[in-house]
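# Could you work out the structure for the sequence below:
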Amino acid sequence: MQITALETIQLEPFPFLVFIRVHTDEGLIGTSDTYYTTDAVRGFVHQWAAPMLLGKDPRDIERHWESMYARSVARWGGTGTEMRSISAIDAALWDILGQSLGAPIYRLLGGLAHDRIPTYNTCGGPTYGARGAKGSTRGEGKGPLEDLWAQINEPEVLAQELLSEGIRAMKIWPFDPIALRGTGRYISDADLHEGLEPFRRIREAVGERMEIMLEGHGYWDITTAKRIARAVEEYRPAWLEDMVLGHDIRQIGELKASTTTPILASELLITRYQYRPLMEARAADIVMVDPTWTGGITESRKIIALAESFGLPVAMHDCTGPFTLLAGVHLALSAPNAIYQEHVRAYIRTWYSELVPESVTIEDGHILPPTGAGIGTHLLDEVLRRSDATVQITRLGD
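Residues are numbered from 1 along each chain as shown. Alright, predicted model coming up:
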């Protein structure tokens, strides 16, 4: 089997999301997606990765990962665009491998460690990720599945609605608007009260029936993060996530030492080489991994195994596209130390269905194992025919 083409697809309504397809001479097509700096990702795929991969056997995944990593990230220090590109290509190669064997990816990773994986709703609306850096921190207004608006304005209603659907965990970020209208280096008593208000209203409405995760997006300095952490303790959040940026492991550890709430880190880290110091320092209680940011399925499974060796649970991150979500599901289902897979219900119920014939199945707060071979879904044919699609393909022999 040979790789015959690498293809990128971008759709106008989703300028921060790019799909990558790897074609083979046997007609198998592997697909994935990744988020952010999509023009640069497309450039890496066609100018750098394609010459390395075209004509090669797509099933030699470990070799391809090492080659792409050594010749870009390790040598030139590219841990952003390059790693997201490598990650999506890698997931697409695993998709091909699974299709070639007629098996879901989790079978290739050792089979099911869990019959199903718990999931929580990240409370963004349908356009949350699509708008990227210009997106609203308060949502588009009241409406169906406008969870970003609801988490601030009607958090108790949102919590009750999620519970009625069987979802017993939700992630919110009510402190983000406060950080973005300031510097992230100070929070007043009034602002602190504002950020805590959704927690209070959720607890009063549903008590302990709902797990609440606090997302910080790395907006705060360590002093202010510690103040927020102490204040939110009375509401018993499941974890504090990225209250400070992931590049300073000592600060993450300092935050952990200051609070009784578990610390999760971090979707902001790239490859096992950045995760290892975090674990060695015992700076986090829970490890988060995004498969199409940190190195694909190949690298994510190594990070997960490393976390297991330190006795740490893992939660899979996703706020991207349907293929990233499914990649995380396969990894979580096959990992004994996986405790959660994130999902955005607004994405699944709106624009995911415009792109793929099936996504994930959620029952009673859990995601069930995908049944299809490979990653478990594919781009609909009409996606490539859309008038707003930018399609670029580099073929063997070009």
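
# how far away is the closest residue to residue 339 other than its chain neighbours from residue 334?
Distances taken as Cβ to Cβ, 6 or more residues apart in numbering place residue 313 nearest to residue 339, at 4.5 Å, with adjacent residues excluded. Any C-beta I mention is one placed from the backbone N, CA and C, and that applies to glycine too. Between residue 313 and residue 334 the distance, using Cβ to Cβ, to the nearest Å, works out to 15 Å.

# Check residue 189 too.
Residue 189 sits at a distance of 47 Å from residue 334 (criterion: Cβ to Cβ).

# of the two, who's got more company?
Taking residue 189 and residue 334 together and counting by other Cβ atoms under 10 Å, residue 334 has the greater number of neighbours (24 against 8).

# Model confidence at the more buried one, what's the number?
As summarised for this prediction, residue 334 has a pLDDT of 98.

# surely it meets residue 104?
No - using Cβ atoms under 8 Å, residue 334 is not in contact with residue 104, being 9.7 Å away.

# got the contact list for the residue nearest to residue 339?
Applying Cβ atoms under 8 Å, 6 or more residues apart in numbering, one finds that residue 313 lies in contact with 286, 287, 307, 337, 338, 339.

# tell me which of the residues you listed is nearest to residue 354?
Each of the contacts of residue 313 was checked against residue 354 using Cβ to Cβ; the closest is residue 338, at 29.0 Å.

# Go ahead and confirm the closest one touches residue 316.
Yes - at 6.7 Å, residue 338 and residue 316 qualify as touching, with contact defined as Cβ under 8 Å.

# Kindly point out which residues are neighbours of both of the two.
Shared contacts of residue 338 and residue 316 (Cβ under 8 Å, 6+ apart): 331, 332.

# Neighbour count: these two, which is higher?
Looking at residue 338 and residue 316 with other Cβ under 10 Å, you find the greater number of neighbours at residue 316, namely 30 against 25.

# Grab the nearest non-local neighbour of the more buried one.
The spatially closest residue to residue 316, leaving aside those adjacent along the chain, is residue 328, at 3.5 Å (Cβ to Cβ, 6+ apart).

# give me phi/psi at that neighbour?
Dihedral angles of residue 328 (phi, psi; degrees, to the nearest 10) stand at phi -60, psi -40.

# Check residue 44 too.
Comment: the main-chain dihedrals of residue 44 come out as phi -60, psi -50, following degrees, to the nearest 10.

# What residues does it make contact with?
With Cβ under 8 Å, 6+ apart, residue 44 has these contacts: 72, 81, 82, 85.

# Go again with 7 Å.
Shown in contact with residue 44 (Cβ atoms under 7 Å, 6 or more residues apart in numbering): 81, 82, 85.

# And for residue 392?
Residues in contact with residue 392 (Cβ under 7 Å, 6+ apart) are 8, 42, 46.

# ok, and the most crowded of those residues?
When neighbours are counted by other Cβ under 10 Å, residue 8 leads the contacts of residue 392 with 22 neighbours.

# Return the set of residues that bridge with that residue.
Per DSSP bridges, residues listed as beta-bridge partners of residue 8: residue 20, residue 392.

# Please report how far it lies from residue 392.
The separation that residue 8 has from residue 392, given Cβ to Cβ, amounts to 5 Å.

# okay, and the common contacts of these two?
Between them, residue 8 and residue 392 have residue 42 as joint contacts when contacts are counted by Cβ under 7 Å, 6+ apart.

# Tell me which stretches of this structure form strands.
Applying DSSP state E to the chain gives strands spanning 3-11, 17-24, 29-35, 117-122, 169-172, 211-215, 239-241, 263-265, 286-289, 314-316, 338-343, 362-363, 366-367, 389-395.

# Throw those into JSON lines and include distance to residue 142 and mean pLDDT, thanks.
As requested, these are arranged in JSON lines below (distance: least, Cβ to Cβ, whole Å; pLDDT from 0 to 100):
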{"stretch": "strand 3-11", "distance to residue 142": "27", "mean pLDDT": "98"}
{"stretch": "strand 17-24", "distance to residue 142": "26", "mean pLDDT": "98"}
{"stretch": "strand 29-35", "distance to residue 142": "27", "mean pLDDT": "97"}
{"stretch": "strand 117-122", "distance to residue 142": "17", "mean pLDDT": "98"}
{"stretch": "strand 169-172", "distance to residue 142": "16", "mean pLDDT": "98"}
{"stretch": "strand 211-215", "distance to residue 142": "21", "mean pLDDT": "98"}
{"stretch": "strand 239-241", "distance to residue 142": "26", "mean pLDDT": "98"}
{"stretch": "strand 263-265", "distance to residue 142": "30", "mean pLDDT": "98"}
{"stretch": "strand 286-289", "distance to residue 142": "30", "mean pLDDT": "98"}
{"stretch": "strand 314-316", "distance to residue 142": "30", "mean pLDDT": "98"}
{"stretch": "strand 338-343", "distance to residue 142": "22", "mean pLDDT": "98"}
{"stretch": "strand 362-363", "distance to residue 142": "24", "mean pLDDT": "98"}
{"stretch": "strand 366-367", "distance to residue 142": "28", "mean pLDDT": "98"}
{"stretch": "strand 389-395", "distance to residue 142": "32", "mean pLDDT": "97"}
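
# correct me, but residue 352 touches residue 323?
No - with contacts counted by Cβ atoms under 7 Å, residue 352 stays clear of residue 323, the gap being 10.1 Å.
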